[in-house]
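> Got a predicted model here, sequence first, then my questions.
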Amino acid sequence: MHDHQAARTISIRVFLALMVLTAVTVGVSFVNLGAFNLPVALLIACTKASLVLVYFMHLKGNFKLLWVAAASGFLFLLVLISLTLSDYFTRDW
Amino acid sequence: MSEHGSLAHHFEDLEQQRQSADLGMWLFLITEIMFFGGVFAAYAVCRWMNPAGFSAGTQHLDVTLGTINTAVLIGSSLTMVWAVQAGHEGDAKGISRNLMLTILLGGVFLVIKGFEYRHKFHDGLVPGPLFHFEGEHVAGIELFMCFYFIMTGLHAFHMIIGIGLLMWLIVLARRGRFTKEYSNPVEGVGLYWHFVDIVWIFLFPMLYLLEH
């Protein structure tokens, strides 16, 4: 029963952290950070996504092959976006 | 072989069966990452080409409604976690109750989204023949609204499918199909639901917040 209670406590803490981060990203968006607007928004979104992946999607404590599968998905996403952008960003060079 | 009725004959044991189900779901989610990733890449390129138009377009979205919907969706992820937890505890009633809460919150999200869409129709901000917006950066704003409707529309479509899956799980739970040892379908749909939440976690700042 202790395990179940602990799992519930963790889920509520993660939920609260996600809410705080949502408030932070909305609050920060009203401040003009110039070139840092995008990186800050992305950093907060990635942090939130990581919390969901690790705790809500139970990557934590699960078998390692699941980590590899999940990581490969995001690795290919990185390849997709970075190759696309490196093409468009360098066309005028 | 095992006495347990939930164990398919091609698995060694329940744990191997559970891991296979999780891994299979994740392989599907990888295709979903690439699916949404393509749209995000296109969005990044178009935004880079039309910074002023996209920034002007962002100003036509309602940050308050977007924030409320973010909170609602994260809340639905929490109840989904509880449903999966109830599955591990063999608590069929807990599964049903938490899944119903998840459906309720998902429904609230879609209703708010519907009001936002209606507002865009009213303001003539829907791309195509219905687009009647006049002012600066018209072309950029229309392109931004294209992305807004495609991205949030695909996201909402995923949620509608998710709600259908949650209803199916409630039927299974009521029929007593889930036990302490076996609740893989709840776990799998949970992964899907959280993934759709993650997509929104990125859509929200990209569409509603950036340079608004």
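That came through, no problem. Numbers count the residues shown, from 1 in each chain, chains lettered A, B, ... in the order given.
> Please make it C-alpha for all contacts and neighbour counts, starting now.
Fine.
> Which helix or strand contains residue B:166?
Using DSSP states H and E, residue B:166 maps to helix B:138-174.
> Which SSE is immediately downstream of that helix?
For helix B:138-174, the succeeding helix or strand toward the C-terminus, using DSSP H and E, is helix B:184-204.
> Spell out which parts of chain B neighbour chain A.
With Cα under 8 Å from any Cα of the partner chain as the criterion, chain B meets chain A at residues B:19, B:22-23, B:26-27, B:29-31, B:33-34, B:37-38, B:41, B:44-45, B:67, B:70-71, B:74-75, B:77-78, B:81-82, B:85, B:89, B:190-191, B:194, B:198, B:201-202, B:205-206, B:209-212.
> Mark which of these are buried, thanks.
B:19, B:22-23, B:26-27, B:29-30, B:33-34, B:37-38, B:41, B:44-45, B:67, B:70-71, B:74-75, B:77-78, B:81-82, B:85, B:89, B:190-191, B:194, B:198, B:201-202, B:205-206, B:209-212 (16 or more other Cα atoms under 10 Å in any protein chain shown).
> Out of these, list just those in helices.
Judged by DSSP state H, helices contain the following of these: B:19, B:22-23, B:26-27, B:29-30, B:33-34, B:37-38, B:41, B:44-45, B:67, B:70-71, B:74-75, B:77-78, B:81-82, B:85, B:190-191, B:194, B:198, B:201-202.
> how about the helix holding residue B:166: buried residues?
By 16+ other Cα under 10 Å, the buried positions in helix B:138-174 come out as B:138-149, B:151-152, B:155-156, B:158-160, B:162-163, B:165-167, B:169-170, B:172-173.
> now do stretch B:92-110
Burial within stretch B:92-110, assessed by neighbour count using 16+ other Cα under 10 Å, is assigned to B:92-96, B:98-103, B:105-110.
> Tell me which of these fall in strands.
Within those, no residue falls in strands by DSSP state E.
> For residue B:9, the count of nearby residues, please.
When neighbours are defined as other Cα atoms under 10 Å in any protein chain shown, residue B:9 has 11 of them.
> State the pLDDT value of residue 1.
Picking chain A for this. Note for residue A:1: predicted pLDDT of 55.
> Please refer instead to chain B.
pLDDT at residue B:1 comes out at 42.
> I figured residue B:188 hits residue B:19, correct?
No - contact criterion Cα atoms under 8 Å: residue B:188 and residue B:19 do not qualify, at 10.5 Å.
> which other helices and strands contact the longest helix belonging to chain A?
Ordering each helix of chain A by length in residues (DSSP H) puts helix A:2-29 first. The contact analysis (3 or more Cα pairs under 8 Å, 6 or more residues apart in numbering or on different chains; DSSP states H and E) places helix A:2-29 against helix A:37-51, helix B:63-88.
> List the buried residues for the shortest one?
By neighbour count with 16+ other Cα under 10 Å, helix A:37-51 contains the buried residues A:37, A:38, A:41, A:42, A:44, A:45, A:48, A:49, A:51.
> What residues does the first one make contact with?
To tie it back to what came earlier, the one meant is residue A:37. Listed by Cα atoms under 8 Å, 6 or more residues apart in numbering or on different chains, the contact set of residue A:37 reads A:29, B:210, B:211.
> Tell me the spacing between it and residue A:25.
According to Cα to Cα, to the nearest Å, residue A:37 stands 10 Å off from residue A:25.
> and what of the last one?
Residue A:51 sits 15 Å away from residue A:25 when distances are taken as Cα to Cα.
> what about residue 52, how many neighbours?
Chain wasn't specified; assuming chain A. A count of nearby residues for residue A:52, using other Cα under 10 Å, gives 26.
> was after chain B, sorry
For residue B:52, the tally of surrounding residues (other Cα under 10 Å) stands at 16.
> quick one: it and residue B:138 touch, right?
No - contact between residue B:52 and residue B:138 fails when scored by Cα under 8 Å: they sit 10.4 Å apart.
> Any idea which residue of chain B lies closest to chain A?
Closest residue of chain B to chain A, Cα to the nearest Cα: residue B:30 (4.7 Å).
> The residue nearest to that residue when sequence neighbours are not counted: how many residues sit nearby?
Spatial nearest neighbour of residue B:30, chain neighbours left out: residue A:73 (4.7 Å); criterion: Cα to Cα, 6 or more residues apart in numbering or on different chains. If you count neighbours by other Cα under 10 Å, residue A:73 ends up with 19.
> How about the contacts made by residue A:73?
By Cα under 8 Å, 6+ apart, the contact list for residue A:73 reads B:29, B:30, B:31, B:33, B:34.
> do residue A:71 as well
With Cα under 8 Å, 6+ apart, residue A:71 has no contacts at all.
> Quick one: work out the angle between the one helix or strand residue B:116 maps to and helix B:138-174.
Using DSSP H and E, residue B:116 sits in helix B:92-122. Helix B:92-122 and helix B:138-174 meet at an angle of 160 degrees, taking axes from the mean of the first three to the mean of the last three Cα atoms, to 10 degrees as the criterion.
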